[in-house]
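Student: Here you go, sequence then predicted model.
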Amino acid sequence: MELVNSLEGRLLFAVPKKGRLNQATLNLLEGADIQFRRENRLDIALVKNLPIALIFLPAADIPTFVGQGRVDLGITGWDQVREHDAAVSAAAAHGGAPAQGSGCEMITELGFGSCKLQVQVPEKGQYASSADLIGRTVGTSFVSLTADFFAQLEAKANGTAHDSSRPQILQTKIVELSGSVEAACALGVADGIVDLVESGETMRAAGLKAIDTVVESTAVLIKSRSPSNPDLVDLIASRIRGVITAQRYVLCQYNIERSGVAAATKITPGKRAPTITSLDDGWVAVSSMVEKKKIALVMDELTRVGAHDILVLDIHNTRE
Ligand SMILES: Nc1ncnc2c1ncn2[C@@H]1O[C@H](COP(=O)(O)OP(=O)(O)OP(=O)(O)O)[C@@H](O)[C@H]1O
Ligand SMILES: O=P(O)(O)OC[C@H]1O[C@H](OP(=O)(O)OP(=O)(O)O)[C@H](O)[C@@H]1O
């Protein structure tokens, strides 16, 4: 109770308590210098150096807390935000509160947790496209997005217009499963599934293949429509963007004759612009941010246009 009272005046920030997004999120918080100590089994942690409290929640519940404005900021998967949106629309279509979007606003993508929500069927089965599953049974944890996806397919197949603001009466049966969804086809619970795929290993191990994509997802930073402290939200967003940039880029430095600068800076245009410093004898030193995943090719090309003393340095942190 005492801890709950000490939330007063603090920005509430929801983070995934377990699962695929947990560790990368904790790394991001550390990079943004958000310092906290989480007591064993407690789902609330007060941040020591900022007026923030972290709330540890399942990734799937974070859009609900943020969407209702109970929590100001959150990190979760874009798939979860879209599922929440679809659930809010479906509830509104069934006469619930009017749908005004889920109430979550995306601030930025976070560069981890990339995966696709895909329609999957047995590899050697009779289904070749999602439309072949109309009227069949589909297992998923993403019931609202899946219902919406099949409502659109059915409308197309029937030559009618899809209207998500009206209650959907589906020919396809959607069965809600909370995990290990890939087992559903082999065990006869479903004809096809809608589940997340990253490497495809789980899907292939279960003898399934992907035939359609419902949503492409990545981890995102989201905020409620009216956060309690918008300035602090902006500060956290700016720190997190800085950490992501530092993770994505390296700093590339090299020397080149002035006559070669135009060609070289075409190869390393920088995030905004390269820094060029004059040296003796008509040479210049260039310093430029380059995407980590492109650096080997960039170094090959720089060598080809006459760059020397090429150095690549890690970036610890950045701020725009
Ligand atoms: N294989 C994956 N690769 C990358 N990101 C993933 C993968 N699986 C899930 N995610 C992302 O992580 C989010 C949370 O998924 P995860 O399976 O870790 O949930 P969880 O909170 O542990 O719940 P549960 O274990 O009950 O399914 C997903 O919504 C998705 O955005
Ligand atoms: O394409 P892959 O790289 O194999 O990843 C996909 C798997 O990862 C997720 O599950 P997770 O392992 O998080 O466990 P869960 O099934 O309990 O949610 C997802 O639900 C898939 O099962």
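Tutor: Done, it's in. Numbering: from 1, shown residues only. Ligands and ions are numbered 1, 2, ... in the order given.
Student: Please point out which parts of the helix or strand hosting Gln23 sit buried.
Tutor: Using DSSP states H and E, Gln23 falls within helix 22-31. The neighbour-count check on helix 22-31 (16 or more other C-beta atoms under 10 Å) flags Ala24, Thr25, Leu26, Leu28, Leu29, Gly31 as buried. (C-beta placed from N, C-alpha, C; glycine too.)
Student: between these, which is nearest ligand 1?
Tutor: Ala24 (9.3 Å; C-beta to the nearest ligand atom).
Student: So for that closest one, what's the pLDDT?
Tutor: Listed pLDDT for Ala24 reads 97.
Student: didn't it look like it was pressed against Phe112?
Tutor: Yes. Counting by C-beta atoms under 8 Å, Phe112 is a contact partner of Ala24 at 4.2 Å.
Student: tell me the secondary structure for the residue lying closest to Ala285 once chain neighbours are set aside?
Tutor: Sequence neighbours aside, Thr277 is the residue nearest to Ala285 in space, at 4.6 Å (criterion: C-beta to C-beta, 6 or more residues apart in numbering). Secondary structure, DSSP: H, G, I helix; E, B strand; the rest coil: Thr277 is strand.
Student: which residues sit in contact with Thr277?
Tutor: Val284, Ala285, Val286, Ser287 (C-beta atoms under 8 Å, 6 or more residues apart in numbering).
Student: What of Asp132?
Tutor: So Asp132 contacts Val121, Gln126 (C-beta under 8 Å, 6+ apart).
Student: Over to the one 4 residues further on?
Tutor: For Arg136, the contact set (C-beta under 8 Å, 6+ apart) comprises Tyr127, Thr172, Lys173, Ala190, Asp191, Gly192.
Student: Report how many residues lie close to the closest residue to ligand 2 within the stretch 201-320 of the chain.
Tutor: Residue nearest to ligand 2 within the stretch 201-320 of the chain: Thr202 (3.3 Å; C-beta to the nearest ligand atom). Thr202: 16 surrounding residues under other C-beta atoms under 10 Å.
Student: Write out the residues of the stretch 1-150 of the chain neighbouring ligand 2.
Tutor: Residues of the stretch 1-150 of the chain found near ligand 2 (C-beta under 6 Å from any ligand atom) are Gly19, Arg20.
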